[in-house]
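**Q** model the following, please.
(chains A, B, C and D)
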2 protein chains.
Amino acid sequence: MNPDILTVVSVDVLLLRYDRPTGRVLLHLDRRALDPYAGRLALPGVAARTGERLASAADRACRKVEGTPRALGQLRTFDEPSRDPRGASLSIAMWAVLAPDEPASGAVPIAGVPPLPFDHDIIVATCRPMLAALLWRDVTFTRALTGDVFTSSDAVVLARELTGRDPHRANLNREVGAVPGLVADGTAPTAGGRPPKQWRWTDADA
Amino acid sequence: MNPDILTVVSVDVLLLRYDRPTGRVLLHLDRRALDPYAGRLALPGVAARTGERLASAADRACRKVEGTPRALGQLRTFDEPSRDPRGASLSIAMWAVLAPDEPASGAVPIAGVPPLPFDHDIIVATCRPMLAALLWRDVTFTRALTGDVFTSSDAVVLARELTGRDPHRANLNREVGAVPGLVADGTAPTAGGRPPKQWRWTDADA
DNA sequence: ACAAAAGTGTTTTTTATACACCCATGG
DNA sequence: CCATGGGTGTATAAAAAACACTTTTGT
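**A** Down below sits the predicted model:
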């Protein structure tokens, strides 16, 4: 087969996790071991293997950093030929979500991502609004982010972190209540003022 | 470099054209010259060359069929490994739009696409709603489809063909009037009943 | 009793959808 | 002057956004 048509496809992952204690959505970055950009933080990425599914490649990329994601999805493809100094490649950006509450290493708040190598700044800038659009609308994404139970206060944080704007509590509560598979489940044992409402995902699936 | 990471990336194009005379949106298909599926109609596609931009690959694919498209965009990636009997490959689906009113060869109305080889049925089914969502919202896509001037009746046809449902004229006229860069420009010289309103794209760009 | 944190009811705005009726042309 | 095809105004419904006020807890 003509070698001219063989392409390097890298799968770069926006690996998110809701960090409840600090009230941030973290983007997990990978401290690169190898050149180019050795030592720099970058989106975790791998070169897709021949015949490998995108989800599998994304999973490998995540494993380099923190572990197996609870959910995965496709965002879009970046094709700028000069994006990688080693040579032309395509990059398929994917999102992935880790279970909440685990320790983080090279994680930064998604609201304050430092300059990244390759075209990763462009990827993050392009994809952040796409992630915000998934919240409350894509149940898989949302459930992975929130975990099985979460409070209205968590919802406020998640919305603020992804959209960059403060949601109105009244409207947000209604929006959350309208998400299929979510039911109110009493109030949460929180310190401070009035305890927030708790939401729990129904359905048998994990 | 590890050959295991070299992938065949095919760019498959949903190549559209508004056929004013028949009032249809046509999907241009390619009669395959080579196996697999020689002789069958399929989405025009090419294998992306190393370092080639997606738009360039899509352009090559279009040229196999009808000519240079006026606009191009990305839809999504399909990664089912068995999609091509020759071996695993990725397929990046793109849209492209040809200038209206030219002759068609292997074109079929988008509302009645016959069974296609590879995973092209899945691609078409997945992407049709995405195309419908572009109409009136993505000016590049819309302008390429309509051409520089078009009538409200054309707008009705385009909306019907892409969404599959009849739009309400009153609402559609308002929607079209709200598209940035479009201005009303008298009425069109049409036979039959009352002459329809004409719309013209402003701005200096082609 | 007060401050902090959250909840809920109501209004306003915007968008989408639907309906009804009027207008321009050709035979 | 009527059939055909199109236009526009208005009404209704649904969704989004904003506002105001009340409730629950800890101190």
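**Q** is the residue nearest to A:Gly45 when sequence neighbours are not counted in a helix, a strand, or coil?
**A** Counting by C-beta to C-beta, 6 or more residues apart in numbering or on different chains, A:Gly45 lies nearest to A:Asp12, which is 3.9 Å off, once chain neighbours are set aside. To be clear about C-beta, it is placed using only N, CA and C from the backbone, and glycine gets the same treatment. Under DSSP: H, G, I helix; E, B strand; the rest coil, A:Asp12 falls in the strand class.
**Q** so A:Asp12 sits against A:Ala96, correct?
**A** No. Applying C-beta atoms under 8 Å, one finds A:Asp12 not in contact with A:Ala96, separated by 10.6 Å.
**Q** shared neighbours of those two, anything?
**A** A:Ala61 (C-beta atoms under 8 Å, 6 or more residues apart in numbering or on different chains).
**Q** what parts of chain A come near chain B?
**A** Those residues of chain A that sit near chain B, judged by C-beta under 8 Å from any C-beta of the partner chain, are A:1-2, A:4-9, A:47-54, A:74, A:76-77, A:79-81, A:87-88, A:90, A:92.
**Q** which residues touch A:Asp121?
**A** Applying C-beta under 8 Å, 6+ apart to A:Asp121 gives the contacts A:113, A:115.
**Q** A:Thr50 and DNA strand C, how far apart?
**A** From A:Thr50 across to DNA strand C, the span is 43 Å (C-beta to the nearest atom of the strand, to the nearest Å).
**Q** how many neighbours does that residue have?
**A** Around A:Thr50 there are 16 other residues, counting by other C-beta atoms under 10 Å in any protein chain shown.
**Q** residue of chain A nearest DNA strand D, please.
**A** Nearest to DNA strand D in chain A, going by C-beta to the nearest atom of the strand, is A:Arg194, at a distance of 2.9 Å.
**Q** distance check, that residue against chain B.
**A** Applying C-beta to the nearest C-beta, to the nearest Å, the value for A:Arg194 to chain B is 41 Å.
**Q** and that residue, its phi and psi?
**A** A:Arg194 adopts backbone torsions of phi -60, psi 140, taken as degrees, to the nearest 10.
**Q** also A:Val124?
**A** Main-chain torsions, A:Val124, degrees, to the nearest 10: phi -60, psi -40.
**Q** who in chain A is up against DNA strand D?
**A** Taking C-beta under 7 Å from any atom of the strand as the measure of proximity, chain A contacts DNA strand D at A:168-171, A:187, A:191-195.
**Q** now, the most widely separated pair of these?
**A** Pairwise distances across the residues of chain A next to DNA strand D (C-beta to C-beta) peak at 25.8 Å, for the pair A:Asn171 and A:Ala191.
**Q** neighbour count: the two, which is higher?
**A** When A:Asn171 and A:Ala191 are compared on other C-beta under 10 Å, the one with more neighbours turns out to be A:Asn171, at 10 against 5.
**Q** secondary structure element holding that one?
**A** helix A:169-177 (DSSP states H and E).
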